[in-house]
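Participant: Make a model of this:
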Amino acid sequence: MRPQTRLPRARTLAARQVQGPANAMSKIPSDKLDRLVERWETIQHELNQGPNQATYTRLTKEFANLDPIVGTIKQLRAVERELAELEAMCDDPGADREMAAMARDEMAELEPRLEEIASALQLQMLPKDAADDGSAILEIRAGTGGDEAALFAADLFRMYTRYADLKGWRTDIISISESDLGGYKEVIAAISGEGVFAKMKFESGVHRVQRVPATEASGRIHTSAATVAVLPEAEDVDIDIKPEDIRIDTMRASGAGGQHVNKTDSAVRITHLPTGLVVVSAEKSQHQNRKLAMQVLKSLLYDMERERADTERSASRKAQVGSGDRSQRIRTYNFPQGRVTDHRINLTLHKLDAVMDGTALDELV
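Facilitator: Numbers count the residues shown, from 1 in each chain. I've put the predicted structure just below:
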């Protein structure tokens, strides 16, 4: 039998780092990590200089995003240093045999930890949805199943409100349409808090329920559905009218007001060139007319922007929930068996009550 050739420890560890499926370090250049740490340190220095309020807000937000990543980088490099020291001890021909054996055992424990930290770092560095940090609009509608679907929609809304309470978020009902039996044909609510959309966005879709309805006398199990849509809450639209986008004309006003109105060029007409909107104000003061006309123009542009945003939101909602048919479900709540199954991740939890109470929803979210 040929004796086995033992590769140097450094080569076996390097090979595992390149080939290991959980390892992320081969995909993250070291210089990129260095730049992140340098930026983190630069932000700290700039914050200590007492910047103005706008700069302070921007820097603190960037620091909050970088801080957990830099913390993971530091953990990673600490484990790498420790592994390098242990490896040097193993390769030292003058090292005590017992100490070398202990070092190898420690390396065997640390290597999985290195891969675990590297994988976590890669997840932290994935591109982030700009809406993740903000609040969300939750829309729940009864789907297939009549009154039972409406009752289930109400159950889902209670589940999400309890979950929001546990997270310290605020829930405000925007609109609600109740069914005859106390369920909800439709309920729309704003959930406000930090990171709401990041947590809730994958709840969108068709939720199917299997249970005996309260209206079923024979005890037969029915299958119904409700649709959930989670949309990022749009911040107030800030209308910034550029001077080059408008044309302001003054003219002689007509109508009631006596000689002053008829003899002075006090009326103001503002044309918004990109949209073609025209606003005219014909009070006595030209200065007041200009101010009023600009207010009206901003309101009109705001409404146009809101209408465009609503159209996009409707398209997003339709893409999220489909037709509301039971066959399009993302999750099934089976009450007789006390289980919840998420069909996208093939996970079944036998703790339906805890999920519906919001306490176990995080395991699915």
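Participant: per-residue pLDDT, Val41?
Facilitator: Heads up, residue 41 is Glu, not Val. We note a pLDDT of 94 for Glu41 in this prediction.
Participant: For it, give its distance to Arg58.
Facilitator: Separation of Glu41 from Arg58 (CB to CB, to the nearest Å): 17 Å. Any C-beta I mention is one placed from the backbone N, CA and C, and that applies to glycine too.
Participant: and if you look at Ala189?
Facilitator: From Ala189 across to Arg58, the span is 31 Å (CB to CB).
Participant: likewise Leu352?
Facilitator: Distance of Leu352 to Arg58, given as CB to CB: 45 Å.
Participant: Show me which of these two is the more surrounded one.
Facilitator: Higher neighbour count among Leu352 and Arg58: Leu352, with 18 against 12, using other CB atoms under 10 Å.
Participant: hang on, isn't that one packed against Arg339?
Facilitator: Yes: counting by CB atoms under 8 Å, Leu352 touches Arg339, with 6.0 Å between them.
Participant: which residues of this structure fall in helices?
Facilitator: Assigned by DSSP state H, the chain shows helices spanning 9-19, 30-48, 53-91, 97-124, 146-167, 196-200, 258-263, 286-321, 352-356.
Participant: Deepest-packed of those helices, please.
Facilitator: Mean neighbour count (mean count of other CB atoms under 10 Å) peaks for helix 196-200 among the helices of the chain, with a mean of 22.
Participant: Report the mean per-residue pLDDT for that one.
Facilitator: 90.
Participant: again, but for stretch 71-83
Facilitator: Stretch 71-83 comes out with an average pLDDT of 93.
Participant: Distance from it to the middle of the chain?
Facilitator: Using CA atoms, centre = their mean, to the nearest Å, the mean C-alpha position of stretch 71-83 is found 29 Å from that of the whole chain.
Participant: With stretch 152-161 instead?
Facilitator: 20 Å.
Participant: contacting residues around Pro127?
Facilitator: If you count contacts by CB atoms under 8 Å, 6 or more residues apart in numbering, Pro127 has none.
Participant: Ile246 now?
Facilitator: Ile246 sits in contact with 270-273, 297, where contact means CB under 8 Å, 6+ apart.
Participant: Isn't Tyr333 up against Val209?
Facilitator: Yes: when contacts are counted by CB under 8 Å, Tyr333 is listed as touching Val209 (4.7 Å).
Participant: Name the residues contacting each of those two.
Facilitator: The contact sets of Tyr333 and Val209 overlap at Phe152 (CB under 8 Å, 6+ apart).
Participant: Could you check which of these two has the larger neighbour count?
Facilitator: Using other CB under 10 Å as the criterion, Tyr333 and Val209 rank with Val209 on top: 27 against 23.
Participant: Can you give me the pLDDT of Ser266?
Facilitator: With respect to pLDDT, Ser266 has a value of 67.
Participant: One more: Ser285?
Facilitator: For Ser285, the pLDDT comes out at 67.
Participant: How far off centre is stretch 35-48?
Facilitator: Chain-centre distance of stretch 35-48: 26 Å, with CA atoms, centre = their mean.
Participant: repeat for stretch 269-288
Facilitator: For stretch 269-288, the distance to the chain centre is 40 Å (CA atoms, centre = their mean).
Participant: can you check stretch 74-87 too?
Facilitator: 34 Å.
Participant: now Ala117, nearest residue through space, not along the chain?
Facilitator: Not Ala; residue 117 is Ile. With sequence-adjacent residues excluded and distances taken as CB to CB, 6 or more residues apart in numbering, Ile117 is closest to Leu76, at 4.7 Å.
Participant: didn't the one you found look like it was pressed against Ala118?
Facilitator: Yes: counting by CB under 8 Å, Leu76 sits close enough to Ala118 to count as a contact (6.2 Å).
Participant: Now for the nearest residue to Arg170 once chain neighbours are set aside: which residues touch it?
Facilitator: In this structure, Arg170 finds its nearest non-sequential neighbour in Ser192, 4.5 Å apart by CB to CB, 6+ apart. If you count contacts by CB under 8 Å, 6+ apart, Ser192 has them with 135, 169-172, 233.
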